[in-house]
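Colleague: here's a sequence, model it:
(3 chains)
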Amino acid sequence: MKTKPLSIYFVYTWLLLFSLLPLALVFIASFLSRDSAHLVSLPLTLSNYDTLLSWQFANVFLRSLIIAFLTTGTCLLLAYPFSYLLVKSKYQSVLLLLIIIPFWTSSLVRTYALIAILKLNGILNAILLKLHLIDHPLSLLYSNFAVISGLVYTLFPFMVLPIFTNMERFDFRLIEVAKDLGASRLSIFFRVFLPNTASGIISGCSLVLLPAMTLFYIPNVLGGARSILLGNMIQNQFLVLENWPQGSATSIVLTATLILVLWFLRRQRKEDI
Amino acid sequence: MEGYLKFVVLHPSNQLLPTDMIPLIEIKNVCKSYNSLAILNDISFSVQPGEFLTLLGPSGCGKTTLLRMMSGFEQPSSGEIYINGLCVNHLPPQKRDVHTVFQSYALFPHLSVFENVAFALRCQHIGDDEVKQRVNESLELVQLGSFASRNIKQLSGGQQQRVAIARAIINRPKVLLLDEPLSSLDHRLRKVMQYELKQLQKTLDMTFIFVTHDQEEALSMSDRIVIFNQGHIEQIGTPRDVYETPSNLHVAKFIGEANIFEIKVQSLFAQDLITEIESTTLHCKNTGNYKVGDELHLVVRPEDIRVWSETEIPDTKGMLPGKIVDIIYKGSTVDVTVALPSGKIINASEFFDEDDDKLEYLPNETVWVHWLTGWEVLLPHEN
Amino acid sequence: MKSLTQKCYMLLVYGLLYFPIFVLILYSVNNARFSLQWHGFSMRWYQELMRDQGLWSALFHSIYLGLTASLIATVTGLFACVYLFLHPNYKYYRSFYATLLLLIIIPDLVLGVALLIFFNITSTPLGFFSLLIAHITFCIPFVILTINSRIHTLDVNIYASALDLGASRLTALTRVLFPLLWPAISSAFLLCFTLSFDDVIISYFVAGPDFNILPLTIYSLVRAGVTPELNALCTVTFLISMVLVILSWRLSRKSS
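Modeller: Okay, here's the model as predicted:
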């Protein structure tokens, strides 16, 4: 049966040409320098990586990491019980659709929608003032709080869907068995439910952590000029400073970090299995 | 003689054959290997028109691969396959007059039963009236006459299988290939389908080539059986041939149950040979012209073994002593496991017979076992 | 008999999720430019939107780009999936999947940057074609994943069965495989279109000055500040995406 091998060669070549090759180019570029005429040029150098060994970079890197972790943590805390309720619900398909809609609509648009709420004379402040919970409007926009809110708002469905898919396959009869054997509710949760839903948690965290570190337009829009995170930094280096070798080096460090985190998470998953 | 010679032709495979005896399918020296792993080794046999031929063997022995080569989905690495005298090695499946019933049925889930069965006819752009008539005819043959408009997903396993068969026979192909079609059915349904398939084959006068690993199935349905083992043919014969005169130890063990002894010919006496098992002298029919000193396998089927308790018979000459190890009551038979003094285990299967011996044994009871001379099978010794 | 707290929690989450959108829609029909007070219902911002030529061209560009990229990605991805399904012994199966997986894991940011460097080195001008190549590249893995998950539910002998019964290879594809895969194909197409239509990060790096697309236009407007026309624009974009999602969801429901 000789159907078209052409199609697979086409796709494979495409992928090699337009994803593997460019990625290799980034790696190479990170070792190059630049001069006045070209964006990248010889000589080969490690100075780009050297620059990254500075406190300034470490600052940005750590802040990005912390914000990403906080985002992931918040998403997890919100999504886990939510998924549970979703699994137990009768209207699952409709409720799922209502989660998927924001999932697929432009996150830029949704982030923009947050501005009207978070700004100084925005709705949130208006409500809080009306309820006399505060005396002066809070400057919520252009802060870490705003950035994290924006990231959580965008990435929440990314956490829900893997956890939900995994929970759906949980055999709830295990809980009955545990009860039958005399386990307390806390014990059931930690020793039966949690371990069996762990792989969903890990998938969800992977899906949130990575974008949380690289979605640069959310910190851009909600964080303002003060909030420089890794994503913004790379964007800056490439398109504003036009320092491509430096940008490449930063990208490589970012990718390496992410692969490390992913690998760590996968190992956790394998150990659980 | 002259009249006979008028109807002889030169077959492309260089044999002189009478016209009505040209084999429908001929497999000649077919070999197949994948990535230097040999699946089939020098396979040769032929299939007569109107025959129900079974390819029998354990999983992985290459029988499905051979079937796929006959239907056109694989090509032999070497050797030829002839269908109706024509070499079909490079003929694509669409052009062969051969249809397959797959093990998983492979019904088209998006089409109704009617459209599934009609598929082959639609490919030939046959008119609607003729299609309708032929589809209904086909469905009637498999007893699914009223199922035409049903959805595939609503059918049970057995019904799906009948649709698969109806779909494959609608074109009245010369040969129908069936790849373990009954393996996913439950026991009772299997027996029903075995009977129905056999009836169908006779009604349509079609050649069926049936693949299975179930030797009972092969014995009950086939005109001839081809026994495969690890890529080569062990024996070809009628069910009776392979059961009563297996050509080697593998066939003897694969078809039915067998008790196997290793013996040495001690002496010859007329048409018998004399040997000794467990210090008991036995006479056997010298079916293979064996000489004194030959080492042989002696094979006896459980149903051929008679078991006598000590009190039943006076003369135990030529019988082997033993102790009952296990008794299993199976309804129509009683299966008894006997341990000989050396520890060797014999399985015997005795049918209930009202005016015969008792069939109630006690564990550890001493008994005598024997079989009638000539009911054993002698095979040359293999390692 | 769900407890009250559970219901409240669900409502809270959904509320939080949709509240900003609701606000957005509300203010897009508010008859006031800067104020947050309600000044009456008005469609004037939508009317102003209609008159903005730049936005219209950006919209059409995005749609054109989305349709082209989705079509190419879906068709090539489909044939690749079919080939892999019919030839499970394909030599480079594992390395192909590894490459695919790599592409999915790599963050958009790094891919965008990588493509920028690639286009620079190959002297490809940044514009429609660079965008098209980039969009096809990030769409293909999703097409393959979507179609593959569906193709594996099919009986592996279906194609062989069709050939066996006399169908030509083309007929077997068009009358057996494609009808069965149709929900997955259309779902993949819609998915690609949505991804392409909404993409900001990759497009940001590989877009050129001559071919403006909607997300980037919105991005620059967003950074400039909140305006009612922008509210209207975002509402429209949101509604289009929502319709596409619901369509895609109904298609996938029909198949299962």
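
Colleague: CA atoms for contacts and neighbours, from now on please.
Modeller: OK.

Colleague: could you find the closest non-adjacent residue to residue B:181?
Modeller: residue B:103 (4.7 Å; C-alpha to C-alpha, 6 or more residues apart in numbering or on different chains).

Colleague: do residue A:114 as well
Modeller: Residue A:114 sits nearest to residue C:20 (C-alpha to C-alpha, 6+ apart), 5.7 Å away.

Colleague: the one you found belongs to a strand?
Modeller: No: counting by DSSP: H, G, I helix; E, B strand; the rest coil, residue C:20 is not part of a strand but helix.

Colleague: ok, it - contacts?
Modeller: A:110, A:113-114, A:116-117 (C-alpha atoms under 8 Å, 6 or more residues apart in numbering or on different chains).

Colleague: surely residue B:176 and residue B:169 touch.
Modeller: Yes: the criterion here is C-alpha atoms under 8 Å, and residue B:176 meets it with residue B:169 at 7.3 Å.

Colleague: mutual contacts of those two, please.
Modeller: Counting by C-alpha under 8 Å, 6+ apart, the common neighbours of residue B:176 and residue B:169 are residue B:99.

Colleague: domains in chain B, as residue ranges please.
Modeller: Structural domains assigned to chain B are B:2-97+B:173-254, B:259-380, following automatic domain parsing.

Colleague: how far does the last one sit from its chain's centre?
Modeller: Spelled out, that is domain B:259-380. Distance of domain B:259-380 from the chain centroid (C-alpha atoms, centre = their mean, to the nearest Å) equals 27 Å.

Colleague: contact residues of the stretch 101-250 of chain C facing chain B?
Modeller: C:155-158, C:160-168, C:176, C:179-180 (C-alpha under 8 Å from any C-alpha of the partner chain).

Colleague: coming back round to it: just the pLDDT for the residue nearest to residue A:114.
Modeller: pLDDT for residue C:20: 87.

Colleague: low-confidence stretches in the chain?
Modeller: No chain in the question, so chain A it is. Scanning chain A for pLDDT under 70 picks out A:1-4, A:36-40, A:225-226, A:269-273.

Colleague: correction: the question concerned chain C.
Modeller: For chain C (pLDDT under 70), the answer is C:1-2, C:34-36, C:254-256.

Colleague: and the helices in it, which stretches?
Modeller: Using DSSP state H, the helices found in chain C span residues C:4-28, C:44-51, C:53-86, C:93-105, C:108-121, C:128-151, C:158-164, C:169-171, C:178-198, C:201-206, C:214-224, C:228-255.

Colleague: find the residue closest to residue 92 in space, skipping its chain neighbours.
Modeller: All of this is about chain A. Closest to residue A:92 by C-alpha to C-alpha, 6+ apart is residue A:86, at 6.1 Å.

Colleague: looking at chain B here, not the other one
Modeller: residue B:72 (5.6 Å).

Colleague: okay, buried residues for stretch C:246-256 please.
Modeller: Neighbour counts over stretch C:246-256 (16 or more other C-alpha atoms under 10 Å in any protein chain shown) mark C:248-249, C:251-252 as buried.

Colleague: do that stretch and chain A meet at all?
Modeller: Yes: counting by C-alpha under 8 Å from any C-alpha, chain A is contacted by stretch C:246-256 at C:246, C:249.

Colleague: now what about that stretch, what contacts it?
Modeller: Contacting residues not belonging to stretch C:246-256 are listed as A:97, A:101, C:183-184, C:186-187, C:190-191 [C-alpha under 8 Å, 6+ apart].

Colleague: do the same with stretch B:26-36
Modeller: B:38-47, B:76-83, B:85.

Colleague: now stretch A:132-150
Modeller: Against stretch A:132-150 from outside (C-alpha under 8 Å, 6+ apart): A:67, A:70-71, A:111, A:114-115, A:118-121, A:125-126, A:128-129, A:218-219, A:222-224, A:226-227.

Colleague: related to what we said a few turns ago, where's the residue nearest to residue A:114 relative to residue C:27, distance?
Modeller: Counting by C-alpha to C-alpha, to the nearest Å, the separation of residue C:20 from residue C:27 is 11 Å.

Colleague: so which of the residues of the stretch 101-250 of chain C next to chain B wins on neighbours?
Modeller: Among those, residue C:165 has the most neighbours (other C-alpha atoms under 10 Å in any protein chain shown), with 31 neighbours.

Colleague: just the helices from the stretch 201-350 of chain B, written as ranges.
Modeller: B:215-221, B:239-244, B:249-254 (DSSP state H, counting those that start in this stretch).

Colleague: please read the previous query as pertaining to the stretch 151-273 of chain A.
Modeller: Under DSSP H, counting those that start in this stretch, the stretch 151-273 of chain A gives helices at A:173-180, A:185-188, A:194-214, A:217-218, A:230-239, A:244-272.

Colleague: those helices: which one's closest to chain B?
Modeller: Smallest distance to chain B across those (C-alpha to the nearest C-alpha): 28.9 Å, for helix A:173-180.

Colleague: the closest one packs against which elements?
Modeller: helix A:185-188 (3 or more C-alpha pairs under 8 Å, 6 or more residues apart in numbering or on different chains; DSSP states H and E).

Colleague: in the helix it packs on, what counts as buried?
Modeller: So for helix A:185-188, counting by 16+ other C-alpha under 10 Å, buried means residue A:188.

Colleague: what about dumping the CA coordinates of stretch A:105-122 to PDB?
Modeller: Coordinates of the C-alpha atoms in stretch A:105-122 are reproduced here as PDB (Å, rounded to 0.1, in the frame of the first residue of the first chain):
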ATOM      1  CA  THR A 105     -10.300  33.600  22.900                       C
ATOM      2  CA  SER A 106      -7.600  36.100  22.600                       C
ATOM      3  CA  SER A 107      -5.800  36.400  25.900                       C
ATOM      4  CA  LEU A 108      -4.700  39.900  24.900                       C
ATOM      5  CA  VAL A 109      -8.300  41.000  24.700                       C
ATOM      6  CA  ARG A 110      -9.100  39.500  28.100                       C
ATOM      7  CA  THR A 111      -6.000  41.000  29.700                       C
ATOM      8  CA  TYR A 112      -7.000  44.400  28.300                       C
ATOM      9  CA  ALA A 113     -10.400  43.800  29.900                       C
ATOM     10  CA  LEU A 114      -8.700  43.600  33.300                       C
ATOM     11  CA  ILE A 115      -7.300  47.100  32.900                       C
ATOM     12  CA  ALA A 116     -10.700  48.700  33.200                       C
ATOM     13  CA  ILE A 117     -11.100  46.800  36.500                       C
ATOM     14  CA  LEU A 118      -7.800  47.300  38.100                       C
ATOM     15  CA  LYS A 119      -7.000  50.800  37.300                       C
ATOM     16  CA  LEU A 120      -7.000  53.700  39.800                       C
ATOM     17  CA  ASN A 121     -10.500  54.800  38.800                       C
ATOM     18  CA  GLY A 122     -11.500  51.400  37.800                       C
END
